[in-house]
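> let's see this in three dimensions:
(chains A and B)
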Amino acid sequence: MSKPRVPVVEGYFTEEGGAKLLGGRCRACGAYFFPKQYSFCRNPACGAPDLADVELSTRGTLWSFTDNRYAPPPPYPATEPFEPYGVAAVELAVEQMIVLGQIARGVDVGALHLGQEMELVVEPLYESEDAQHTVWKWRPVDE
Amino acid sequence: MSERDVVILGAGMHPWGKWGRNFVEYGVVAARAALADAGLEWSDVGFLAAGNTMRNGYPGYVSGSTFAQALGWRGVRVSSSYAACASGAVAIDQARAQIQAGRCDVALVVGADTAPKGFFGPLPGERPEDPDWLRFRILGATNPTYFALYARRRMERYGATTKDFATVKVKNSRHGLTNPNARYRKEFDVDEIAESPIVADPLRLVDICATSDGAAALVLASADFAASRDDRDRHVRIAAISTVTPQYPNTDLDMPDIATDSAVGAVLPERSFRDSIAAAAYEEAGLGPEDLDVAEVYDLSTALELDWYENIGLCGEGEAEALLHSGATTLGGRIPVNPSGGLACFGEAIPAQAIAQVCELTWQLRAEAGERQVEGARVGLSINQGLFGHGSCVIVTR
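This next block holds a predicted model:
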């Protein structure tokens, strides 16, 4: 039996009904926030006292990317031996914001190009004895 | 000079390196060097402003009193500032404000650090609400990860190449060769850089600044106090200090955030955050980029130095590579950048770095910079940026 999937951090994403990022949206000015972070709107021209819970767009365009060849310090759960991983910055059109995420496993980072369409997935970041610890990642949309 | 002017009377450093001693020892060496340079004593100081360090326990969080105790308690008022890499500029600003308010004639500014080996990591503990913890935990996004994302944007938008980045390193490595305070005094050539291991593509190990131990200090004084002295030909005037924060929505990807602000429902600011840092300083000084003789910019990565050329107005967007290759930013050129050797030769000692930039400008404007002297320098600018939205820019004049 496969191990249960447990989010590395609570409240940032879901995989029920497909991978989605969970953010906040101001009911007054329409601004999006990811992570939701606070209960209120940070737009100084608005400052509304509460935010609606929203799911963010699951597709966007690749704004920039890199691959990391050296193990970062804790609390990153680096494997031994260290496996390099990519990080992508993806621009969401509706939300007009850029969201970082690791690049999904198995993607050839060297073949990526800026401007291409990316989609959200939820994948294990690491495994422990009793669980797969999951996080959101970006993957190129098959063209 | 107007009566609100503040003057730099002394500058001092402890050399950068990986010495492994208590940061307070470096800071005291730098403070005493700055006082000696000013011809003053600790007993002449009316206010002490220090930059904090996050990785050396409680003494690092109360750096003002830490240095006041180390130099010998004498009742002096202190401030302890933290603004990440911009901490030093905030400390200089604190000292200047005390002098301008007439609360003291002479103030001492100190920043010192003992840095860990390798990547900077977040503070320990389980803190999912701290963006600096989160980016390491779920993304493995180190500082070089962000530098690499910016560098790739430069390549995509302006056709920059890794060879352009390497050229920045070659320039800075030559500039710093004879700087006695620099940690790395080794000349690099482009071929050697191409063999350096990739840390975060497209950046190689030698494109990215190291973490260092080091300390820098300045002695500031009121214009009245300075006018009474007979060393006026060595005085350098602080024309502006900018410690601005971003304007909402900040659509630049900024460390340590995992997302930018959304631009929905908001009017975009007139300038990007990085552009706004120098703009505020130019406005205060009544000067512009065309007036500069020398600049110290925060080359956390080689590619980032090119971004700064544009952010401080040395050239238009996308023109930094051409400016670099023209030789304008090399010693002997029109506007030498990082004559000290920059972070490429120093590595980063966080709370000391913005102060060290102003030390270099002070020596340049006094024509005391030896082999790295910018001929006839009369106006200098230093700029950097601290994570969590801290701008840092100082303009000094003769």
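> for residue A:77, see how far away residue A:84 is.
Separation of residue A:84 from residue A:77 (CB to CB, to the nearest Å): 14 Å. Heads up, the C-betas are built off the backbone N, CA and C, glycines and all.
> swap in residue A:47?
Taken as CB to CB, the span from residue A:47 to residue A:77 is 38 Å.
> look at the two and report which has more neighbours.
residue A:77 (15 against 12; other CB atoms under 10 Å in any protein chain shown).
> what bridges to the nearest residue to that one once chain neighbours are set aside?
For residue A:77, ignoring the flanking residues on the chain, the nearest one in space by CB to CB, 6 or more residues apart in numbering or on different chains is residue A:126 at 4.0 Å. Counting by DSSP bridges, residue A:126 is bridged to residue A:133.
> what helices and strands are in contact with the top strand by length along chain B?
Under DSSP state E, the strand in chain B containing the largest number of residues is strand B:6-17. Counting contacts by 3 or more CB pairs under 8 Å, 6 or more residues apart in numbering or on different chains; DSSP states H and E, strand B:6-17 is packed against helix B:23-38, helix B:87-100, strand B:213-222, helix B:223-227, strand B:236-242, helix B:350-365.
> direction included, what does that strand pair up with?
Sheet pairing of strand B:6-17 (DSSP bridges) gives strand B:213-222 (antiparallel), strand B:236-242 (antiparallel).
> just the CA trace of that strand, in CSV.
In CSV, the C-alpha atoms belonging to strand B:6-17 read as follows (Å, rounded to 0.1, in the frame of the first residue of the first chain):
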residue,chain,number,x,y,z
VAL,B,6,26.6,65.9,8.1
VAL,B,7,30.3,65.2,7.3
ILE,B,8,32.3,62.0,7.3
LEU,B,9,35.4,62.5,9.4
GLY,B,10,36.7,59.0,9.6
ALA,B,11,36.4,55.6,7.9
GLY,B,12,37.9,52.2,9.0
MET,B,13,37.6,48.5,8.4
HIS,B,14,38.7,45.1,9.7
PRO,B,15,39.8,43.1,6.6
TRP,B,16,37.2,40.7,5.1
GLY,B,17,38.0,37.0,5.4
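> tilt between that strand and helix B:23-38?
130 degrees (axes from the mean of the first three to the mean of the last three CA atoms, to 10 degrees).
> give the buried residues for strand B:6-17.
Within strand B:6-17, the residues scored as buried using 16 or more other CB atoms under 10 Å in any protein chain shown are B:6-17.
> let's have the residues you listed in JSON lines, adding distance to residue B:179 and pLDDT.
Conversion of the buried residues of strand B:6-17 to JSON lines gives the following (distance: CB to CB, whole Å; pLDDT from 0 to 100):
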{"residue": "B:6", "distance to residue B:179": "26", "pLDDT": "98"}
{"residue": "B:7", "distance to residue B:179": "24", "pLDDT": "98"}
{"residue": "B:8", "distance to residue B:179": "19", "pLDDT": "98"}
{"residue": "B:9", "distance to residue B:179": "22", "pLDDT": "98"}
{"residue": "B:10", "distance to residue B:179": "18", "pLDDT": "98"}
{"residue": "B:11", "distance to residue B:179": "13", "pLDDT": "98"}
{"residue": "B:12", "distance to residue B:179": "14", "pLDDT": "98"}
{"residue": "B:13", "distance to residue B:179": "10", "pLDDT": "98"}
{"residue": "B:14", "distance to residue B:179": "14", "pLDDT": "98"}
{"residue": "B:15", "distance to residue B:179": "9", "pLDDT": "98"}
{"residue": "B:16", "distance to residue B:179": "9", "pLDDT": "98"}
{"residue": "B:17", "distance to residue B:179": "13", "pLDDT": "97"}
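> contacts only, for the residue positioned nearest the centre of chain B.
In chain B, the residue lying closest to the centroid (CA atoms, centre = their mean) is residue B:354, at 3.0 Å. By CB atoms under 8 Å, 6 or more residues apart in numbering or on different chains, the contact set of residue B:354 is B:51, B:85-89, B:92, B:111, B:382, B:384, B:392, B:394.
> neighbour count and pLDDT added to those, as a markdown table?
Shown next, in a markdown table, are the contacts of residue B:354 (neighbours: other CB atoms under 10 Å in any protein chain shown; pLDDT from 0 to 100):
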| residue | neighbour count | pLDDT |
| --- | --- | --- |
| B:51 | 37 | 98 |
| B:85 | 22 | 96 |
| B:86 | 33 | 97 |
| B:87 | 30 | 98 |
| B:88 | 35 | 98 |
| B:89 | 33 | 98 |
| B:92 | 29 | 98 |
| B:111 | 35 | 98 |
| B:382 | 31 | 98 |
| B:384 | 29 | 96 |
| B:392 | 29 | 97 |
| B:394 | 29 | 98 |
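> tell me the one of these nearest residue B:102?
residue B:92 (18.0 Å; CB to CB).
> the closest one: what's it in contact with?
Residue B:92 neighbours (CB under 8 Å, 6+ apart): B:49, B:109, B:218, B:220, B:238, B:241, B:354-355, B:358, B:394.
> let's go with 10 Å and repeat that
B:6, B:8, B:49, B:51, B:81, B:107, B:109, B:111, B:218, B:220, B:238, B:241, B:243, B:354-355, B:358, B:382, B:392, B:394 (CB atoms under 10 Å, 6 or more residues apart in numbering or on different chains).
> now it: how far from chain A?
Distance, residue B:92 to chain A, by CB to the nearest CB, to the nearest Å: 27 Å.
> now do residue B:5
33 Å.
> ditto for residue B:132
Taken as CB to the nearest CB, the span from residue B:132 to chain A is 11 Å.
> what helix or strand is that residue on?
helix B:131-134 (DSSP states H and E).
> could you find the closest non-adjacent residue to residue A:21?
Spatial nearest neighbour of residue A:21, excluding adjacent residues (CB to CB, 6+ apart): residue A:56 at 4.2 Å.
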